[in-house]
Every structure is written in structure tokens, then in C-alpha cells.
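Student: quick one, structure for this:
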Amino acid sequence: MSFGPSDIKKLREMTDAGMMDCKKALTESNGDMDKAVQWLRDKGLGAAAKKANKVAAEGLIGIKVEGKKAVIVEVNSQTDFVAQNEKFKNSVNEIVNHAFANNLKDADAINASTINGVAFSEYLSLQIATIGENLVVRRSGLLEGDDTTAINGYVHANGQVGVIITAKCDSAKTAEAMTSVIRDVAMHAAAMKPTTLSYKDFDAQYIADETAGRIAKIEKENEERVRLGKPLLNIPKYVSMAQLTDEVLANAEKELKEKLKADGKPEKIWDKILPGQIARFISDNTSLDQEQCLLDQKFVMDDSKTVAQYIEEKAKACGGTATIVEFIRLEVGEGIEVEEEDFAAEVAKQMA
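Tutor: Model (predicted):
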């Protein structure tokens, strides 16, 4: 079976392979288009296998929010250049839509699925062969709710950070009204990097280790401040609300009252001063919560209140109640260690 330039052009459009590869594929297949496609697929899979050894630490975060369901997926590539390629972006969108349509709850479920009639692994290998870099669906999450659940999400403009969040409300009406508010909180989470929902999620040993580490860090910084003649930083006793038991708070209040008395403040005005001082004590002794817990962070659009207080305030304005119950935040490449290799070594390896 013979073939001509139009056949090469057609095969190239079908597979996005190089012109010379298409010509060779048709030659090897005696002009049979289907066999040529298979030949290129086999060749592409071989190339993909080599590329699969490359660390994929760049990429994009994709989300889809519709109705009472939200999906978030991290797809990694080797370089940020490819991450901005339209073909890669289209692949990410296709994977996100696939996960959403099939209720795939995590990356393992996606990688074990079937897409467009083929195993996902084969689909991904074809994308690798076409795009020219190793691609990995590394992490994914799915959140769902009923009519009384507010769901929304946010992807930062550069596609490197994404968040999806759900909040349980007292009614469907409140849930509808809180949907845009949840997006604001998703934007906050994208910027402020919470790692968990509440201080209640922390392990006791983790809190103990963080307390010791943070105190040691401040003590070391104070040594430098002494040398420079600068004011010393306050060294807190605690770092999390989990440590502020009723007894601790009662003792703190007692000490504050003793100080007010020592300062000569009239007892009749203590009730106007103490709430603010106790709030300051709590703030000074919950640095871990404020850094890592979404509900306890100062809301980025109004740092006079926490995220939990902001949600409560907004829900009350709608005539109801709402509580954030779950969120998933993904940032491209976080936790991936990329081995550094000098340029000369890389060139030598390619020439070997």
C-alpha cells in the first residue's frame, strides 16, 4: 500500500507526532494508517518509559466545582515551561473533568480508572509521548455535600495553588448565601497555607515538640537582641489552644488582675480591660494554631477576626449558621525533593 504527502499530513494531525516519524511509521506499516498510528503509539510509549524516570515537580492544579461537588487534582510535569503549554493545560482539564464525572476520590482512583475507553496509564503515556515530558497525577481530592452544604473553591491565577472547601449550614438557604463566602475563605487558604482545620487535629506530641522548638528559637533570637541592644521578644509558655485548659486560663486571669491592681487600676473598670487582655494572652499563646489551622488563622481580608469568626458573622447576617467542616489545599510540587544535577553532567549523560 503506497502513501503520499497528504497521508503524512493526516497522520501528523491525528497523532501530533513529528513529520519524519510519521513518514517512517507509514513506511513500516506499508501505508496502513491504523497500523501507522499503532506504530507511533508503540514508539511513543517507549519514549514515555524513558521520560518516566524524570522527576515531575512542576505542573498545575485544576479544580471543578459544580452543584454540591468539588474536585481538585495536581498534575505534575518536569518543567514549568511545559506546565504553561496549552496541550498540558487541556490534559489537566480533561483529567479534572474525568475525576469529577466518575466521583474519583483520590489520585489512586484516577490512576486505576479507565478514560476514553483505555486504561488511564495508557492515556497518560500517550500524553507523555505527545507533550515530551514525564507527567504524573500525584494528588487529588473530592468533596461532596447535601442541600445544606456550601461548597466552593479557588485556583490561584498561576495555577500553582488550589483549594476546595465545604461548610455545613443550618439550611439550604444559608448554604446558597454562603457559597461566595466560602470562595473568599478558599482564597485565604491559598495564600495563608493552613495544614489542618483546627487545633483539635493536632497530636499531643506534635504540640509538645512545637512548643519546645518555638521557645528555643525565640530564646536564641533574644540572645542576638541582647547583643544588639534591642528589646527582647516575649517568650510564650504555650503555642496552641489545646494547651490552654480552664486552669491555665483561670491562672492567667488571676495574674492579669494582680497586675491591674499593682498598676493602680480601679477594680470597677477591670471588666472593661480584662476581656481584651485575656484575648491577647490567648493570641500570644496560640502561634501554632494561627499558623497552621484554617479556623484559627486571622482572616486575610479582615485580621480583626479569625476565619471561624468571619464565617460565623457572615452566616448570622444571612439569618443562619455555618461551620467549615473540610478543606483540601494542594500546591504544586510541595514535598517533592528534586535532585540537583550540574549542567555539564546532564549534557554528558545525554551524549553517552
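
Student: outside of the helix or strand containing Ala208, which residues touch it?
Tutor: Here Ala208, judged by DSSP states H and E, is contained in helix 204-228. Residues outside helix 204-228 that contact it (Cβ atoms under 8 Å, 6 or more residues apart in numbering): 231-236, 238-240, 242-243, 287-288. (C-beta placed from N, C-alpha, C; glycine too.)

Student: one more time with 6 Å, if that's ok
Tutor: Leu232, Leu233, Ile235, Val239, Ser240, Ala242, Leu288 (Cβ atoms under 6 Å, 6 or more residues apart in numbering).

Student: what segments of this protein are strands?
Tutor: 58-66, 69-77, 114-115, 118-119, 136-144, 149-155, 161-169, 322-331 (DSSP state E).

Student: can these go into CSV with extra columns for distance to Lys10?
Tutor: As requested, the strands of the chain are exported to CSV (distance: least, Cβ to Cβ, whole Å):
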stretch, distance to Lys10
strand 58-66, 31
strand 69-77, 29
strand 114-115, 25
strand 118-119, 22
strand 136-144, 31
strand 149-155, 37
strand 161-169, 38
strand 322-331, 40
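
Student: looking at those strands, which is nearest to Ala191?
Tutor: Nearest of those to Ala191, taken as Cβ to Cβ: strand 161-169 at 8.2 Å.

Student: show me what the closest one is packed against.
Tutor: Applying 3 or more Cβ pairs under 6 Å, 6 or more residues apart in numbering; DSSP states H and E, one finds that strand 161-169 contacts strand 58-66, strand 69-77, strand 149-155, helix 172-192, strand 322-331.

Student: so which of those is the most surrounded?
Tutor: strand 69-77 (a mean of 26; mean count of other Cβ atoms under 10 Å).

Student: check which helices and strands that strand is in contact with.
Tutor: Checked by 3+ Cβ pairs under 6 Å, 6+ apart, strand 69-77 has strand 58-66, helix 86-101, strand 136-144, strand 161-169, strand 322-331 packed alongside it.

Student: and the longest one, what does it pack onto?
Tutor: Taking 3+ Cβ pairs under 6 Å, 6+ apart as contact, the helices and strands that helix 86-101 lies on are strand 58-66, strand 69-77, helix 120-131.

Student: so which bits of the helix holding Ala208 are buried?
Tutor: Ile207, Glu210, Thr211, Arg214, Ile218, Asn222 (16 or more other Cβ atoms under 10 Å).

Student: just name the closest of those to Ser121, please.
Tutor: Glu210 (40.5 Å).

Student: and that closest one, how far is that from Val248?
Tutor: 17 Å (Cβ to Cβ, to the nearest Å).

Student: and for Lys64?
Tutor: 45 Å.

Student: what's the domain layout of this structure?
Tutor: 5-51, 58-144, 199-331 (automatic domain parsing).

Student: pick the most deeply packed of these.
Tutor: domain 58-144 (a mean of 19).

Student: avg pLDDT for that domain?
Tutor: Across domain 58-144, the average pLDDT comes to 93.

Student: measure that domain end to end?
Tutor: 28 Å (Cα to Cα, to the nearest Å).

Student: with stretch 187-201 instead?
Tutor: First residue to last in stretch 187-201 (Cα to Cα) measures 22 Å.

Student: what comes into contact with that stretch?
Tutor: Contacts for stretch 187-201 (Cβ under 6 Å, 6+ apart): 154, 156, 161, 163, 240-242, 289, 292-295, 297, 300, 329.

Student: redo that, cut-off 7 Å
Tutor: Stretch 187-201 is touched from outside by 154, 156, 161, 163, 165, 240-242, 289, 292-297, 299-300, 307, 324, 327, 329, with contacts defined as Cβ atoms under 7 Å, 6 or more residues apart in numbering.

Student: how far away from the center of its chain is it?
Tutor: 10 Å (Cα atoms, centre = their mean, to the nearest Å).

Student: average pLDDT across the helix holding Ala208?
Tutor: 93.

Student: I'd guessed His98 sits against Asn116; true?
Tutor: No: the pair His98 / Asn116 is not scored as a contact, 8.4 Å apart, by Cβ atoms under 7 Å.

Student: ramachandran angles for Tyr238?
Tutor: phi -130, psi 170 (degrees, to the nearest 10).

Student: so it makes contact with Asp284?
Tutor: No: with contacts counted by Cβ under 7 Å, Tyr238 stays clear of Asp284, the gap being 8.8 Å.

Student: what separates the helix holding Ala208 from the chain centre, distance-wise?
Tutor: The answer for helix 204-228 is 28 Å, by Cα atoms, centre = their mean.

Student: find residues that contact each of His98 and Asn116.
Tutor: By Cβ under 7 Å, 6+ apart, no residue touches both His98 and Asn116.

Student: how about the strands of the chain, which one is nearest Ser29?
Tutor: Per Cβ to Cβ, nearest to Ser29 of the strands of the chain: strand 118-119, 20.4 Å.

Student: residues contacting that closest one, please?
Tutor: By Cβ under 7 Å, 6+ apart, the list of residues contacting strand 118-119 from outside is empty.
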